[in-house]
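[1] based on what follows, work out the 3D shape:
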Amino acid sequence: MHPFRNLLLISVGRADSLEKVLTPGEWGRMFQMARHQSLLAIIYEAVLRLPEHQRPPQEMMDKWKEYTDLTAGIYNRHQKHIEQLKLILDKMGLRGCILKGTGLSHLYPKPERRLCGDIDLWVEGTHKSIIKAFDEAGYPPYEILYQEAKVDIFDDTEVEIHFHPCKMNNPFKNARLQKFFNINAPFQGTLTYPDARFNAVFCMAHMYRHYLVGGIGMRQMLDYYYVLRELKPEDRAQVLDTLSKLGMKKFTAAVMCSMQFNFGLEDEYLLCPPDKKYGGRLVNDIINMGNFGMLDKRNYSAEGESRWKRFLRKNRRIFSNFRYFPGEVTWSPFARVSQHVWRLFNNYL
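    Reported below is the predicted structural model:
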């Protein structure tokens, strides 16, 4: 067993120790792999559970603890900002919910170990009404897209407001996805967190989109591991039916393979039987490409890259998956063009 996989299993309580003692050089590689997957604090938790003789050198332990403390500091800062966002939304007369990392961290045994970047806030209402409300409150949105926009509220934390939690390239599938979001919108107060049934669809759609466009990491897989363990048994069939109608059954089966291979998830929590063929490819891509494809050179933009060259590069990247997911991939160029037209029509360019 690869030692990094071994550490992942330890982090979720599926193993107690490594199969072999690692050398300092091997520990250095484990540290870099954890960094590339944005899982340093999670893996540090696994390291703390190891027998004393299997732990890395003290110098590395100190460095690892420093990063873990930094992650906890970000988490605590986000929690304070969420309380502030509640007051801001309440004053604006809006309702919202916290998505993605900050919205999923509470599912972890130790939420402060889950590294979060920005705060993703899905706000109820049309994009124009939301933009107007934030603008009048003194937080003018910018970099406005069909799905989201940025707002400057805090000096030390980025905030993205979402008009739609996620989108798909295929306009027919996207309409179905938005219908699911609208019907199952978790707006039950000024600021809430989605339930597991909502997250089981939303997180899968989010991973699917990012995998095709640029790549996803083990952090998103670990998020989904905890979503599946939270999901009620009676909701599994309905979630799978929704994902199948959205054209994601093959990808879902690949993710289930990752759930078992990387985290030892029991059969009772799976949405469908794992697909080892596509799942093996997904697992390898996650390791080789890093978090959100940070190691994939196809995602790197050359100096002075024009918009046209960027358009071609991104489409070459997504069309590398045409053989596996032709439906969503085929619509990619049209989705990019329609995004540009939408921004132009609404004067957001």
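
[2] what mean pLDDT does the helix or strand in which Phe31 is found get?
    Using DSSP states H and E, Phe31 maps to helix 24-36. The average pLDDT for helix 24-36 rounds to 95.

[3] in which helix or strand does the most centrally placed residue in the chain reside?
    Closest residue to the average C-alpha location of the chain: Gln220 at 4.6 Å, with Cα atoms, centre = their mean. Assessed by DSSP H and E, Gln220 sits inside helix 218-230.

[4] and for the next helix or strand after that helix, what's in contact with it?
    Per DSSP H and E, the first helix or strand lying C-terminal to helix 218-230 is helix 236-245. Contact partners of helix 236-245, identified using Cβ atoms under 8 Å, 6 or more residues apart in numbering, comprise Arg176, Phe180, Arg197, Ala200, Val201, Met204, Leu231, Lys249, Thr252, Leu271, Cys272. In this view, the C-beta of every residue, glycine as well, is placed from N, C-alpha and C.

[5] buried residues of helix 236-245, list them for me.
    Arg236, Val239, Leu240, Thr242, Leu243 (16 or more other Cβ atoms under 10 Å).

[6] closest one to Gly290 out of the contacts of helix 236-245, please.
    When those are ranked by distance to Gly290 (Cβ to Cβ), Met204 comes first, at 20.5 Å.

[7] next one: phi and psi at that closest one?
    phi -70, psi -40 (degrees, to the nearest 10).

[8] circling back: for the helix holding Gln220, packing partners?
    Under the contact criterion of 3 or more Cβ pairs under 8 Å, 6 or more residues apart in numbering; DSSP states H and E, helix 218-230 touches helix 100-104, helix 196-213, helix 249-263, helix 276-289.

[9] so Arg77 sits right up against Thr157, yeah?
    Yes - with contact defined as Cβ atoms under 8 Å, Arg77 counts as touching Thr157 (6.3 Å).

[10] give me the more crowded residue out of those two.
    Thr157 (18 against 15; other Cβ atoms under 10 Å).

[11] for the spatially closest residue to the more buried one that is not a sequence neighbour, give me its contacts.
    In space, and not counting its chain neighbours, Thr157 is closest to His81: 5.4 Å by Cβ to Cβ, 6 or more residues apart in numbering. Contacts of His81 were listed using Cβ under 8 Å, 6+ apart, and they are Ile119, Ile153, Phe154, Thr157, Val159.

[12] check contacts around the last one.
    Residues counted as contacts of Val159 (Cβ under 8 Å, 6+ apart) are His81, Leu85, Asp118, Ile119, Leu121, Lys150, Val151, Asp152, Ile153.

[13] kindly recompute the last result at 7 Å.
    Val159 makes contacts with Asp118, Ile119, Leu121, Val151, Ile153, as judged by Cβ atoms under 7 Å, 6 or more residues apart in numbering.

[14] give me the residues contacting stretch 145-155.
    Residues contacting stretch 145-155 (Cβ under 7 Å, 6+ apart): 81, 131, 134, 139, 141-143, 158-164, 167, 339, 342-343.

[15] among these, which are located in strands?
    Among these, the members found in strands (DSSP state E) are Val159, Glu160, Ile161, His162.

[16] most neighbours of all those, which one?
    Neighbour max across the ones in strands among the contacts of stretch 145-155 (other Cβ under 10 Å) = Ile161, 24 neighbours.

[17] now the residue of the chain most remote from its centre. Nearest residue, chain neighbours left out?
    Going by Cα atoms, centre = their mean, the residue of the chain most distant from its centre is His53, 34.7 Å out. Among residues not flanking His53 along the chain, Val21 sits closest, at 6.8 Å (Cβ to Cβ, 6+ apart).

[18] that neighbour reaches Gln54, doesn't it?
    Yes - counting by Cβ atoms under 7 Å, Gln54 is a contact partner of Val21 at 5.6 Å.

[19] any low-confidence regions in the stretch 201-349 of the chain?
    Counting by pLDDT under 70, the stretch 201-349 of the chain shows low-confidence ranges at 293-294, 296-304, 308, 311.

[20] burial check on Met259, number of neighbours?
    So Met259, with other Cβ under 10 Å, has 23 neighbours.

[21] what residues are up against it?
    By Cβ under 7 Å, 6+ apart, Met259 lies in contact with Tyr225, Leu228, Leu265, Leu270.

[22] and those residues as JSON lines, adding neighbour count?
    Formatted as JSON lines, these follow (neighbours: other Cβ atoms under 10 Å):
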{"residue": "Tyr225", "neighbour count": "23"}
{"residue": "Leu228", "neighbour count": "24"}
{"residue": "Leu265", "neighbour count": "20"}
{"residue": "Leu270", "neighbour count": "19"}
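
[23] TSV for the residues you listed, including distance to Leu48?
    Output for the contacts of Met259, formatted as TSV (distance: Cβ to Cβ, whole Å):
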residue	distance to Leu48
Tyr225	20
Leu228	25
Leu265	23
Leu270	29
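
[24] just flag the most distant two among the residues you listed.
    Counting by Cβ to Cβ, the most remote pair of these is Tyr225 and Leu270, 11.0 Å apart.

[25] could you dump the helix or strand hosting Val337 to CSV, C-alpha only?
    Val337 belongs to helix 332-345 when assigned by DSSP H and E. The C-alpha trace of helix 332-345 is given here as CSV (Å, rounded to 0.1, in the frame of the first residue of the first chain):
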residue,chain,number,x,y,z
SER,A,332,-18.2,23.2,-23.3
PRO,A,333,-17.3,25.7,-26.1
PHE,A,334,-20.9,26.8,-26.4
ALA,A,335,-21.1,27.2,-22.6
ARG,A,336,-18.0,29.5,-22.7
VAL,A,337,-19.4,31.6,-25.5
SER,A,338,-22.8,31.9,-23.9
GLN,A,339,-21.1,33.0,-20.6
HIS,A,340,-19.4,35.8,-22.6
VAL,A,341,-22.6,36.8,-24.3
TRP,A,342,-24.5,36.8,-21.0
ARG,A,343,-21.9,39.1,-19.4
LEU,A,344,-21.9,41.3,-22.5
PHE,A,345,-25.7,41.5,-22.5
